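coords below, sequence missing:
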């Protein structure tokens, strides 16, 4: 007699579904990377090339924040670590003549270590309390940068920050910096992708889904949250240092609470449960204010309407568009 069902069939179907999903994601990433490499050939206007650079950097900022959110915490002070990294590298280059690449490395190490120390205290808080404390920490850092004029130059800011030089090759132009930013994005993307598929990533997801159950399962919640907070802040600090060597100017207004909100918005709009969502969110959100800049008086209204529409019709972010099309096609074939 032939068996009509088998316990192995659901597992086989799940494995095939996961494999096809990975293939689709790999194909999308390959296409996006090919397009990204060819962008300078089509972006004849320097402004568009600058916009492409900002898209890549904002995507990295969103990925770094996504690491912190992967353990169930939302930080409203993420821009403070970005600013801290920027100040460390800028001052190291100007006052101590440290090469920018070493300054970027130093910024990542210092912000990561500082986040680990702060995380041991702050991460004891849960939910809205952690959100409020990170908001206050970000505001305090901005006030320190504004009032500690002997170091940060206060509201006047720091000018003349040197450009990054790679093996004696200066990256002072937008085109040269673009390929550096693209390489940095690929490096961070690969690191976070590998991390989230390791035992650390599995622990992060368990904590985010059910903290009490994770604790009962023997997961050291405090340790893994500190690791995620430290890594996310370290990436943010190093990328902030990269950005300041690109813009070559820094003031207390360069990275504020508004930027922390922007990183969260990029994550939500792109889809915070998928790594590629950081890039999709940045591709959509970074050029949006520029596209609406000419609409004086209605710019902020339209911006809010667009964001509201995204949240209503695509609650899982832009990454869910592919799933919507696949569902529609599967229904059509039935």
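Arrived safely, thanks for sending. Quick caveat, the model's predicted, so the values are computed rather than measured. Numbers count the residues shown, from 1 in each chain.

when you work out contacts or count neighbours from here on, use the C-alpha atoms and nothing else.
Noted.

shaky segments in the chain?
1-22, 24-25, 322-334 (pLDDT under 70).

just give the closest residue to residue 195, not the sequence neighbours.
Take residue 195 and drop its neighbours on the chain: the residue closest to it by CA to CA, 6 or more residues apart in numbering is residue 201, 5.7 Å away.

I meant to write residue 234 there.
residue 112 (4.0 Å).

contacting residues for that neighbour?
Under the criterion of CA atoms under 8 Å, 6 or more residues apart in numbering, the neighbours of residue 112 are 230-235, 237.

top of those by neighbour count?
In terms of neighbours by other CA atoms under 10 Å, the contacts of residue 112 top out with residue 237 at 35 neighbours.

look up the closest residue to that one, ignoring the ones flanking it.
residue 85 (3.9 Å).

and residue 170, backbone torsions?
Note on residue 170: backbone dihedrals following degrees, to the nearest 10 are phi -70, psi 140.

can you check residue 61 too?
Here residue 61 shows phi and psi, under degrees, to the nearest 10, equal to phi -60, psi -40.

correct me, but it touches residue 238?
No. Using CA atoms under 8 Å, residue 61 is not in contact with residue 238, being 9.9 Å away.

residue ranges for the strands of this protein, please.
Along the chain, the stretches classed as strands by DSSP state E are 158-159, 165-166, 169-170, 249-250.

those strands into CSV, with extra columns for mean neighbour count and distance to residue 56?
Converted to CSV, the strands of the chain look like this (neighbours: other CA atoms under 10 Å; distance: least, CA to CA, whole Å):
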stretch, mean neighbour count, distance to residue 56
strand 158-159, 17, 23
strand 165-166, 14, 19
strand 169-170, 11, 19
strand 249-250, 21, 19
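
how about those in a markdown table, adding distance to residue 186?
Putting the strands of the chain into a markdown table (distance: least, CA to CA, whole Å) gives the following:
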| stretch | distance to residue 186 |
| --- | --- |
| strand 158-159 | 29 |
| strand 165-166 | 17 |
| strand 169-170 | 21 |
| strand 249-250 | 26 |
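
out of those, nearest to residue 206?
Closest of the strands of the chain to residue 206 is strand 249-250, at 38.9 Å (criterion: CA to CA).

what about the closest one, distance to the chain center?
Taking CA atoms, centre = their mean, to the nearest Å, one finds the center of strand 249-250 at 21 Å from the center of the full chain.

ok, stretch 288-295 next?
With CA atoms, centre = their mean, you get 23 Å for stretch 288-295.

other residues contacting that stretch?
Contacts for stretch 288-295 (CA under 8 Å, 6+ apart): 299, 302-303.

ends of that stretch, what's the gap?
12 Å (CA to CA, to the nearest Å).

the most centrally placed residue in the chain - nearest residue in space that isn't next to it in sequence?
The chain has residue 62 as the residue nearest its centroid, 1.7 Å off, counting by CA atoms, centre = their mean. Sequence neighbours aside, residue 263 is the residue nearest to residue 62 in space, at 5.1 Å (criterion: CA to CA, 6+ apart).
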